Structures are given as structure tokens and as C-alpha cells.
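Enquirer: missing the sequence, but the structure's below:
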């Protein structure tokens, strides 16, 4: 058994050990639900800090064959993801509230009420509209900001001090691979993955939406790894 296979088994085992209690222990799960209800923003920070960073670590494994690398900066990435998680929670609240009101004004009566009822064609339409609007307006900004912060972290060797240093937005944006950002990240992942995935998200009860979105952050890590691999081949 090779070293990489052993590392994969250890990594998978660590993930299972961390998350299994939430599925097997009723008190642990009840604590999670209670804390999530009373401190939604704190939980949004933690969910994205943990799960989206986990996705990036998996992406690193796909890209390089390793779970860690010099300059990767797991802790700074986790903190940035936590902060992004707060903006994602904000976006969920704003678009889940605003889009049904807009649909009502456009003639789709009962759009807000449809989101409170069991699954129906109307509810599916409203959930799709929320997802499409959010992903076309908010997602490109968030994805670009994430790319900029990633570049800033790597440029500073993945050290914690990078969080205290000014981000060179102009320089980083000039050097970004906008062809890859547009042709893969925006043009392919948004319509073919994120809009359908978040349609499912908005069909869920509100208290589970951010958790599901954070779980999708694992997928995001894999997609970013694919994008980086494509960019490296150019």
C-alpha cells in the first residue's frame, strides 16, 4: 500500500471521526440545531471555514497529490472562507426575501407563500428564480473575491500575517486569468452546477440551506482544482 493511499485513508478516517457524532448522537445533533438556530451567523462562519476549506484541501490533493503544500495556508484560507460564509448567508437572506417579492410584482401571485408550502411546480419555479438571480448577481463577485484572496495568501507564503497586510487588488486583478475565470468558472459552473444546486438549496427549510451550501463548498474545492489544472496546461 503506497504512502498516498495511506494518507487518503487517514484523511478520510479523520473526516468521518469529526462528523460521525452529529449523525449518531442525538444530544450532539440537538446541540447543533439549537446553536444553529440561536447563532446563525456564527454557524455560517464555522460551516464555511471548515467545509469549504476541506474542499480546497481535497482540491489540492487532486491537483498535486498532497493534502498540504508550502504556502497553501490552511488557517488563513479557513478564516477567509468563514468571512465569505457571512456574505453568503447575507445573500441567501436578501435573495430569498427579495426575489419572491419581485416575482409577485411581476404577476406571479403567491410566490412568497409558495416557498412556505410543500413541494409544487410554483415552489420549484420560485426556488429556481432565487438561485438564478443570486448566482448571476452575487456569485461572480464572490468567486472573483475568493480568487483574489487565494492569490494574496499564496503570495505571502500562506502565513497568518497575510491577513493583516493590504491586498493588492489592482495588481492581482491585472494578473488574473480572466479567460479561465469567464470560460470555466462563470460560463460553465454557474449555469450547469451552481444554479441547479442552489435551486435544491432553496427548496430546503431555511435552517438547512447554509449547511447544504457549505457542503457544496467541498465541490467548489474540486472545481477550483480542475480550473487550476486547466490553467496550468495553457
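Expert: Received the coordinates, thanks. Since this is a predicted model, take the numbers as computed values, not measurements.
Enquirer: any weak-confidence spans in the protein?
Expert: 1-2, 221, 224-234 (pLDDT under 70).
Enquirer: which helices and strands sit right next to the longest helix along the chain?
Expert: Ranked by residue count and defined by DSSP state H, the top helix of the chain is helix 74-105. Packing partners of helix 74-105 (3 or more Cβ pairs under 8 Å, 6 or more residues apart in numbering; DSSP states H and E): helix 40-47, helix 53-64, helix 111-114, helix 121-137, helix 139-155, helix 206-233. The C-beta positions use only the backbone N, C-alpha and C, and glycine is treated the same way.
Enquirer: now that helix: buried residues?
Expert: Within helix 74-105, the residues that count as buried by 16 or more other Cβ atoms under 10 Å are 74, 76-85, 88-89, 91-92, 95-96, 99-100, 103.
Enquirer: figure out which of the helices and strands packed on helix 74-105 is closest to residue 3.
Expert: The closest of those to residue 3 is helix 53-64. By Cβ to Cβ, the value is 12.8 Å.
Enquirer: ok, and for that closest one, which residues are buried?
Expert: Buried residues in helix 53-64, defined by neighbour count with 16+ other Cβ under 10 Å: 53-61, 63.
Enquirer: from residue 84, how far out is the nearest residue to residue 82 once chain neighbours are set aside?
Expert: Distance criterion Cβ to Cβ, 6 or more residues apart in numbering; nearest residue to residue 82, sequence neighbours excluded, is residue 49 at 3.6 Å. Computed with Cβ to Cβ, to the nearest Å, the distance linking residue 49 and residue 84 is 9 Å.
Enquirer: same check on residue 112?
Expert: According to Cβ to Cβ, residue 112 and residue 84 sit 27 Å apart.
Enquirer: now do residue 74
Expert: 15 Å.
Enquirer: give me the distance between the residue most central in space within the chain and residue 7.
Expert: For the chain, the residue nearest the mean C-alpha position is residue 217 (3.5 Å; Cα atoms, centre = their mean). Distance of residue 217 to residue 7, given as Cβ to Cβ: 22 Å.
Enquirer: what sits closest to the residue nearest to the centre of the chain if chain neighbours are left out?
Expert: Per Cβ to Cβ, 6+ apart, closest to residue 217 is residue 52, 3.1 Å.
Enquirer: wait, the one you found sits on residue 85?
Expert: Yes - with contact defined as Cβ atoms under 8 Å, residue 52 reaches residue 85; the gap is 7.3 Å.
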